[in-house]
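Novice: Model the structure of this input:
(2 chains)
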Amino acid sequence: MIRLSHIKKSFRVSRRAGGIKNAVGSFFRRQYDTVEALADISFEIGDGEMVGYIGPNGAGKSSTVKVMSGILTPDSGECVINGRVPWKQRKEHVSELGVVFGQRSALWWDVPVADSFELLQAIYSVDPIEYRRNLDRLTEMLDLSQLLQTPTRQLSLGQRMRCEIAAALIHSPKILFLDEPTIGLDAVSKIAVRDFVADLNRERGTTVILTTHDMQDIEALTKRIILIGRGRILLDGQLSDLRHRFEGRRRLTAEFTGSADLTALPEGASLLTLDGREGLSAVSDGSHRAVFAIDGSPSALISLLSGKTELTDIAVESTSIDEIVVNMYREYGV
Amino acid sequence: MSEAAKQPSFLHKYLAFFHIRFSAGLQYRAAALAGIATQFFWGFMETLLYNAFWRGDPSAFPMGLQATVNYIWFRQAMLSMFNSWHFDSSIFSAITGGSISMELIRPCDLYAMWLTKSCASRLSRVVLRCMPILVIASFLPAGYGMRFPEGCETAGDVVFALAVTLISLIGSLLVVSSIEMFVYISTFYTLNHAGVRMVYGMVAGFLGGELVPLPFLPDGFYDVLQYLPFAAVQSAPCLIWGGTLAGMDALRTVGLQFIWAAVLIVTGRMWLNRSLKRVVVQGG
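Specialist: Purely as a prediction, here's the structure:
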């Protein structure tokens, strides 16, 4: 159980205009700005939930994760995770926590991966039998057997990331924070990581909080998403509801031969481009390509087209999750 | 699986840390060889210098020639443990680069973790380097080579001196590493460690007897400096192994070393925990 209420955190950053003159000036007189990283963050996440925590760059995602990991002490507000306040009972709290920061490494740079894992076993006091079992399972699922003897510095990014995820799970944490876990991974590794996280959540009931800019991650893993912008929670809901709400009109692309006049269309459909041009609505013989925007069912439009022309190809695309997020960001002005 | 792993204890995780750091430090063989050569050469020059002074006026010496030569060789052998210019760059970069967040998500005391790291890296550097120097120095001719401490007449005296010196070395390691911690912690505030390191290196070197053994400083200096933590680093074990500090004096000095170690560790840990409250993780 994770509960945050009215968490605030601001940072003081020194500001100066560029140039040598201002650099000399700031030696004598510093100017500081206060940046509110977290203005008012409240949410609750139950055990075993998988939640996508999204927002544009600089929205406060990482700061929230750091507060929940006990790394940052907020200025005010309450945060209780499994009955503990992270920054006050840090050691007890983090022993049940697994964290993957995609941009940082939890592995020791100049020793083989297996040595790093053993050190983690010692740090978390993992029972040897449990350690063996976890390691075997992680090795199999993340395909690590070839990597364990290699020093971390010689791993590729995708290999390292798989090892990082294993490192975060070696102590069977109850809560897992994934901060951009698939950053820089190829398609195969991305899918392997997603499958693994989904299995973990299903089998062990691990609570997962996923911060990412990769909307495919969110789509593949989470049902609930929390949107944050400028340090505030803007939206908290089921992904399917949001999809419904922010889904724009779908797009239908038709290729046909013959002449056609497309001025009169069924209700809910509108012509976007014809042969790549806007404002054109009738063409003479030849092969053509028309793009429509539609609401609801495409059947009326398709029957109209097939009646008037010789259809050669037709495709309907729904709004991608990326476009939905863009729509959301736009609506909330972040 | 080792016995220790079956019974996880408080110390177990720090020992594991010590082990990984220690073995990482042992791999740098070329650096160790270069260090041995430099330290030996420097020591040899210094013994020549002090011998020349001795021939000039033995009465001007605050301690015996053998004690002085022992001091020089012992310091040269243990230099990589005593020195005030060696730092662990990974700790600096953890603070300035933000990877400290990876250390804070571990169920460990950050101070204990860093202190372990720093002790382990000093120890791993010294074990490779001290033996060749100590052995060669013991075979050098009288007046230039290292001998048993002055004033040791029986085997019992030698064993006593050896035991006290060893305990004093442990005290030195704790004091120098805990002073080093203050330099690391100051980086939370300055974000650039070059200045603090330079000032610390010079002050600690001078006050600790790196330039000249502390008794050689003008009258009155030693009376005060011997009580400072800097003297608890290299001056204490070197003077004990020279025989300048013997018997109760030696024991008192070792006691003071451990008092300093305790004071520095407690205050350093308090300061670190205070700094962490206002920590800004650099670089997102």
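Novice: residues touching B:Lys13, list them.
Specialist: Going by Cβ atoms under 8 Å, 6 or more residues apart in numbering or on different chains, B:Lys13 touches A:122-123, A:125, B:108. C-beta: built from backbone N, CA, C; applies to glycine.
Novice: Now do the helices in the chain.
Specialist: No chain in the question, so chain A it is. Using DSSP state H, the helices assigned to chain A run over residues A:20-28, A:61-68, A:90-94, A:113-123, A:128-141, A:157-169, A:187-204, A:215-221, A:239-246, A:299-308, A:321-332.
Novice: ah, no, chain B please
Specialist: With DSSP H as the criterion, chain B has helices at B:3-6, B:10-25, B:29-56, B:65-82, B:89-97, B:100-104, B:110-139, B:155-190, B:194-208, B:221-225, B:235-242, B:247-277.
Novice: name the helices or strands packed onto the fourth one?
Specialist: Okay, so that is helix B:65-82. In terms of contacts (3 or more Cβ pairs under 8 Å, 6 or more residues apart in numbering or on different chains; DSSP states H and E), helix B:65-82 is packed against helix B:29-56, helix B:110-139, helix B:155-190, helix B:235-242.
Novice: now do 6 Å
Specialist: helix B:29-56, helix B:110-139, helix B:235-242 (3 or more Cβ pairs under 6 Å, 6 or more residues apart in numbering or on different chains; DSSP states H and E).
Novice: Burial-wise, tell me which of the helices of chain B comes out on top.
Specialist: Highest mean neighbour count of the helices of chain B: helix B:235-242, a mean of 29 (counted as mean count of other Cβ atoms under 10 Å in any protein chain shown).
Novice: so that one versus helix B:247-277, what angle?
Specialist: With axes from the mean of the first three to the mean of the last three Cα atoms, to 10 degrees as the basis, helix B:235-242 and helix B:247-277 are set at 160 degrees to each other.
Novice: Against A:Glu203, how distant is the nearest residue to A:Gly158 once chain neighbours are set aside?
Specialist: Take A:Gly158 and drop its neighbours on the chain: the residue closest to it by Cβ to Cβ, 6 or more residues apart in numbering or on different chains is A:Ser189, 4.1 Å away. From A:Ser189 across to A:Glu203, the span is 21 Å (Cβ to Cβ, to the nearest Å).
Novice: Neighbour count: these two, which is higher?
Specialist: A direct count of neighbours by other Cβ atoms under 10 Å in any protein chain shown for A:Ser189 and A:Glu203 places A:Ser189 higher, at 19 against 9.
Novice: which residues touch the residue most central in space within chain A?
Specialist: Central residue of chain A (Cα atoms, centre = their mean): A:Thr212, 2.5 Å from the mean position. Residues in contact with A:Thr212 (Cβ atoms under 6 Å, 6 or more residues apart in numbering or on different chains) are A:Glu180.
Novice: Quick check: it vs B:Ile133, distance?
Specialist: A:Thr212 sits 55 Å away from B:Ile133, going by Cβ to Cβ.
Novice: Break chain A into its domains for me.
Specialist: With domains defined by automatic domain parsing, chain A comprises A:45-244, A:249-318.
Novice: Tell me, please, where in the chain the pLDDT is lower than the cut-off.
Specialist: Because you didn't say which chain, this covers chain A. Along chain A, segments meeting pLDDT under 70 span A:16, A:26-27.
Novice: think we crossed wires, I meant chain B
Specialist: Checking chain B against pLDDT under 70 turns up B:1-10, B:279-284.
Novice: If we use 80, what do you get?
Specialist: B:1-11, B:24-25, B:27-28, B:191, B:278-284 (pLDDT under 80).
Novice: tally of neighbours for A:Thr309?
Specialist: Number of residues near A:Thr309 (other Cβ under 10 Å) recorded here: 19.
Novice: can you pull the contacts of it?
Specialist: A:256, A:258, A:260.
Novice: Can you tell me which residues in the stretch 51-200 of chain A are near chain B?
Specialist: Proximity of the stretch 51-200 of chain A to chain B is confined to A:62, A:69, A:71, A:73, A:91, A:94-95, A:99, A:104, A:106, A:110, A:119, A:122-123, A:125, A:128 under the rule Cβ under 6 Å from any Cβ of the partner chain.
Novice: Among those residues, which one has the most neighbours?
Specialist: Ranked by neighbour count (other Cβ under 10 Å), these have A:Val99 at the top, with 27 neighbours.
Novice: does it really touch A:Ile175, like I thought?
Specialist: No. Using Cβ atoms under 6 Å, A:Val99 is not in contact with A:Ile175; the gap is 9.0 Å.
Novice: Find the nearest non-adjacent residue to residue 121, please.
Specialist: I'll assume chain A. The shortest distance from A:Gln121 to any non-neighbouring residue, by Cβ to Cβ, 6+ apart, is to A:Tyr131 (4.8 Å).
Novice: right idea, wrong chain: chain B
Specialist: B:Ser121's closest residue in space is B:Gly25 (Cβ to Cβ, 6+ apart), at 5.0 Å.
Novice: Over to A:Gly205?
Specialist: Among residues not flanking A:Gly205 along the chain, A:Gly48 sits closest, at 4.0 Å (Cβ to Cβ, 6+ apart).
Novice: you'd agree the one you found is up against A:Arg204?
Specialist: No. With contacts counted by Cβ under 6 Å, A:Gly48 stays clear of A:Arg204, the gap being 8.8 Å.
Novice: ok now do residue 151, which residues does it touch?
Specialist: Looking at chain A here, since you left the chain open. A:Pro151 makes contact with A:110, A:112, according to Cβ under 6 Å, 6+ apart.
Novice: Chain B is the one I meant
Specialist: Contacts for B:Gly151 (Cβ under 6 Å, 6+ apart) come out as B:243, B:246.
Novice: What residues are bridge-paired with A:Ile175?
Specialist: In this entry, A:Ile175 is beta-bridged to A:Leu97, A:Thr207, by DSSP bridges.
Novice: Could you check how far it is from chain B?
Specialist: Noted for A:Ile175: a distance of 11 Å to chain B, by Cβ to the nearest Cβ, to the nearest Å.
Novice: And the nearest residue to B:Cys152 once chain neighbours are set aside, how close does it get to chain A?
Specialist: Sequence neighbours aside, B:Val158 is the residue nearest to B:Cys152 in space, at 4.9 Å (criterion: Cβ to Cβ, 6+ apart). Applying Cβ to the nearest Cβ, the value for B:Val158 to chain A is 39 Å.
Novice: Number of residues surrounding the nearest residue to A:Gly102 once chain neighbours are set aside?
Specialist: The shortest distance from A:Gly102 to any non-neighbouring residue, by Cβ to Cβ, 6+ apart, is to A:Glu180 (3.5 Å). A:Glu180: 19 surrounding residues under other Cβ under 10 Å.
Novice: For PyMOL, write the select line for the buried members of the contacts of A:Thr309.
Specialist: The buried residues among those can be selected in PyMOL (16 or more other Cβ atoms under 10 Å in any protein chain shown) with this line:
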select buried, chain A and resi 256+260
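Novice: From the contacts of A:Thr309, which land in strands?
Specialist: Among the contacts of A:Thr309, the ones falling in strands (DSSP state E) are A:256, A:260.
Novice: What values do phi and psi take at A:Asn82?
Specialist: phi 50, psi 40 (degrees, to the nearest 10).
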